[in-house]
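S.K.: Here is my input, please return the structure:
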Amino acid sequence: MGILSNISGKQAVKIFNKFGYILDHQTGSHLILYHENKPTLSIPNHKELAPGLLRALIRKAGITVEKFLKYK
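M.R.: Predicted structure coming up:
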């Protein structure tokens with residue numbers, strides 16, 4: 001198991017909330033997160049996110065994987 005496995009979409013939203021992201025709306029199965037100074041994130045509302053997708057979202061948010069996992 002990798003370090004970014006077994007994280008759901010809702011759990012990822014809760015972690016991104018701690019970095020200042022706000023749940024703006026939901027379009028289909030995607031949760032749209034808004035931040036005033038950072039890019040908007042679109043997170044699938046799935047039971048488990050693919051590690052590559054989660055890593056890309058973390059990179060887009062401008063944080064490190066280590067900081068993200070601190071709030072897991």
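S.K.: Name the nearest residue to Asn45, ignoring sequence neighbours.
M.R.: Gly9 (4.3 Å; CB to CB, 6 or more residues apart in numbering). Glycine gets a C-beta too; all of them are placed from N, C-alpha and C.
S.K.: same deal with Gln11?
M.R.: Lys72 (7.6 Å).
S.K.: cool, Thr40 as well?
M.R.: With CB to CB, 6+ apart as the criterion, Thr40 has its nearest non-adjacent residue at 5.7 Å, and that residue is Tyr34.
S.K.: my guess is the residue nearest to Gln11 meets Ile15, correct?
M.R.: Yes - between Lys72 and Ile15 there is a contact under CB atoms under 8 Å: 6.6 Å.
S.K.: shared neighbours, these two?
M.R.: Common neighbours of Lys72 and Ile15, counting by CB atoms under 8 Å, 6 or more residues apart in numbering, are Ile7.
S.K.: who has more neighbours, these two?
M.R.: It is Ile15, of Lys72 and Ile15, that has more neighbours when counted by other CB atoms under 10 Å, with 21 against 12.
S.K.: where's the more buried one, which helix or strand?
M.R.: Applying DSSP states H and E as the criterion places Ile15 in helix 9-17.
S.K.: Tell me which residues are up against the longest helix seen in the chain.
M.R.: Longest helix in the chain by number of residues (criterion: DSSP state H): helix 51-61. Here helix 51-61 makes contact (CB under 8 Å, 6+ apart) with 2, 4-5, 7, 12, 16, 19, 21, 35, 38-39, 41, 43-44, 64-65, 68.
S.K.: Please consider this matter closed, and thank you.
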